[in-house]
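In: need coordinates for the below:
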Amino acid sequence: MNLNNLFATLDSQIPIAALEVLAPEEATIIQWLTSQAQEKLECPTYFWNLGVSTLEQCQIASDGGLVFKPVPEYKRPLQVDPLIFIFQYIESFTGNGVFILGDVHPFVGKNSQQLSWEILTRVKNLYHRLKPTDKRIIFLGQNIQLHESLVRLIPFAEVPLPTVEQIQEHLDSYLQYLGESATQQQVKFTVSLTAAEREFLARAALGLTLEEISDFLRLTVKERLSRNSITIDATVTQEAVAYKTRLLSQMGIELGKPATIPFGGLDLLREWLNRRRRLFTQEARLLHLPQPKGVLLAGPPGTGKSHSAKNIANILNLPLLQLDIASLLGSLVGESESNVRRALKTAQAIAPCVLFIDEVEKALSGQGDTSGVSQRILGTLLTFMSECESGVFIVATCNDPSALPTEFKRKGRFDEAFFVDLPTVPERAQILSIHLQRFGIAVEDEYLEAIAANTAKFSGAELETLAAEAALLAFDEGRPQQVTLGDLESCRKTITPLAVQDAAAVERMRDWAKTARAASSAIADKPTQSLKTAKFRNLN
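Out: Next comes the predicted model:
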């Protein structure tokens, strides 16, 4: 059921519906339901949940706000269960009305520990007995999953996160409201935002509810009040990003920072991405070209998969979101997959974007999981990947593809699966150069090639360690930023690559790689070159 069809559904003798809404937006939705019930059903609206001591009638005040007024006729005996009594009250109610029941779904929820069979049967009875009446019920809450016996009876709708256009409209109206309030308090209120800056601010707020945006604006106004003057300008956009980052991190979503260090090598992956970067533009959407779904990056640990994922956002010129599935796991049955579903919907609201899931096999392998949570999370992800068409580009990394479920890594789930192998000689030279430059160290190409030829089986992370150790050695010996080939060779001897320590695991990865696409062009390692050189020769 679509949200816009909610009242048409209730008016067609379907007496109960469920409406999922994020907690910050509940009051806004109750206000909308109140006005819609009056306009389309010409009936009053009532609200009840376990947190209120009575039934309340919802009314729209003269200033457009929402008002709750207790219903004096509602008098529950102390010894009667409040949930059972509200159902009894609605059944015996002589008038018409829409009854919004908040947070009732855990008592009639799928696999819920709070499931009450008495409540469940009463809901089924009400469904049939309210049909010929003008009384309607809306279950309102977050993470609604109804019991199997109710799924085919009670239609379900979801309040989506606002679009850019809706956010822009809300920003205009709410800033005007704040300006009027400031004027009444004799405070100068200035909004210095161009049309483009207003759009940037709206895009920065994507993923938030309108109520959260209102909270942010009020907080910003309080913080910017100085000498009876408030100015809202373009700098508020960065504050909105920081505010959103704090809120989303509580949902297991991190707003990733753009990668400041480029990745070395991986020319085939880079070429593949560059051919698809324009598919996220408005021009491509107008031509109805398919949106890329994402890539699976698999390879030995330390080969730069995570770093590459962050650089992919730069190449595609899209915002980066990082999904931490482990932080979304909850103790209640159904809570984990609901959290994942909510996080994915937030990503969909921010789209087009890159959604980065690191070491995805840890969440989906199912090893040691007797509750079936991994399987349900997998189902949630697969459904999202098959249905999402809004431009969420998923980049999943994996150290052990054999631990991934077959249905997740099969062709069609991702646009492509790339094998990120240990770097070749040219890639090792490039990676070393990148990391040495971070410390202000320049090394001649011939020496980079020499040390690269002598670091077979080194991963990108191990080459980064080598560069850092050489820089520290030179600094400790009083030669800051003056790294010699001897320094690099000395430090190389102290590092035992993981590919040597666990050669069998790397070979297993390479067996899987036969079914994937190489991220780098195949270049055979050259024979080890001589490293005979003056130990303290300055290579700058």
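In: low pLDDT regions in the stretch 201-350 of the chain?
Out: Scanning the stretch 201-350 of the chain for pLDDT under 70 picks out the ranges 257-260, 329-335.
In: run the last query once more with 90
Out: Within the stretch 201-350 of the chain, the segments meeting pLDDT under 90 span 203-204, 206-207, 224-229, 238, 241-242, 244-267, 270, 276-293, 298-350.
In: all helices of it, in order?
Out: With DSSP state H, counting those that start in this stretch as the criterion, the stretch 201-350 of the chain has helices at 210-224, 236-249, 267-274, 282-286, 305-316, 335-350.
In: ranges for the strands of the stretch 251-400 of the chain?
Out: Secondary structure of the stretch 251-400 of the chain by DSSP state E, counting those that start in this stretch: the strands cover 253-256, 294-298, 320-323, 353-357, 392-398.
In: now the fourth one - C-alpha only, PDB.
Out: Looking back up the chat, that one is strand 353-357. Taking Å, rounded to 0.1, in the frame of the first residue of the first chain, the C-alpha atoms of strand 353-357 are listed here in PDB:
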ATOM      1  CA  CYS A 353      25.900   7.600  -3.400                       C
ATOM      2  CA  VAL A 354      28.500   4.900  -2.800                       C
ATOM      3  CA  LEU A 355      27.600   2.400   0.000                       C
ATOM      4  CA  PHE A 356      30.700   0.700   1.400                       C
ATOM      5  CA  ILE A 357      30.300  -2.600   3.300                       C
END
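In: strand 392-398 and that strand, what's the angle between them?
Out: Relative orientation of strand 353-357 versus strand 392-398 (axes from the mean of the first three to the mean of the last three C-alpha atoms, to 10 degrees): 20 degrees.
In: what does the second one give?
Out: Calculated by the same axes, to 10 degrees, strand 294-298 forms an angle of 10 degrees with strand 392-398.
In: relative to helix 267-274, how tilted is strand 294-298?
Out: Angle, strand 294-298 to helix 267-274, by the same axes, to 10 degrees: 170 degrees.
In: export strand 294-298 to CSV, keeping only CA atoms.
Out: This file holds the C-alpha atoms of strand 294-298, laid out as CSV (Å, rounded to 0.1, in the frame of the first residue of the first chain):
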residue,chain,number,x,y,z
GLY,A,294,28.0,-2.1,-7.4
VAL,A,295,31.2,-4.2,-7.3
LEU,A,296,32.5,-6.9,-5.0
LEU,A,297,36.2,-6.5,-4.3
ALA,A,298,37.8,-9.7,-3.0
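In: ok, and for it, which residues are buried?
Out: 294-298 (16 or more other C-beta atoms under 10 Å). (Each C-beta comes from the backbone N, C-alpha and C, glycine too.)
In: helices or strands up against it?
Out: Using 3 or more C-beta pairs under 8 Å, 6 or more residues apart in numbering; DSSP states H and E, the elements in contact with strand 294-298 are helix 305-316, strand 392-398, strand 416-419.
In: so how far is the second one off the chain centroid?
Out: Its chain's C-alpha centre lies 12 Å from the corresponding centre of strand 392-398 when counted by C-alpha atoms, centre = their mean, to the nearest Å.
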